[in-house]
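K.L.:
Sequence isn't available, so here's the structure alone:
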């Protein structure tokens, strides 16, 4: 589950969305919590971002059991 407005930014008890783990990780790799709260607080707003749309289109074609790597906005793989 993903808080559409991060808890740090006042999203406790607010709307949530059910996302696959890859999409959830990708969203947090692309956006900081302040940006999520101010600009991307809905599924529609997230999908307006071309990088999110491309990722969702791609991830839908992947094997559901596959662990998908996500990249940060700068193109560097996310540290584990």
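P.N.:
Nice, thanks for sending it over. Since the model is a prediction, treat every value here as computed from it, not as a measurement.

K.L.:
Just give me the residue right at the centre of this structure.
P.N.:
Centroid check for the chain by C-alpha atoms, centre = their mean gives residue 27 as the closest residue, at 1.9 Å.

K.L.:
ok, it touching residue 49?
P.N.:
No - counting by C-beta atoms under 8 Å, residue 27 does not reach residue 49; the two are 9.1 Å apart. No exception for glycine: its C-beta is placed from N, CA and C like everyone else's.

K.L.:
Need the overlap of contacts for those two.
P.N.:
Jointly contacting residue 27 and residue 49 under the rule C-beta atoms under 8 Å, 6 or more residues apart in numbering are residue 40.

K.L.:
how about the strands of the chain, start to end?
P.N.:
For the chain, the strands defined by DSSP state E cover 2-3, 16-17.

K.L.:
what's around residue 49, how many residues?
P.N.:
Residue 49 has 16 neighbours, counted by other C-beta atoms under 10 Å.

K.L.:
That one and residue 35 touch, don't they?
P.N.:
No - using C-beta under 8 Å, residue 49 makes no contact with residue 35, being 9.9 Å away.

K.L.:
what about residue 54, how many residues close to it?
P.N.:
Residue 54: 10 surrounding residues under other C-beta under 10 Å.
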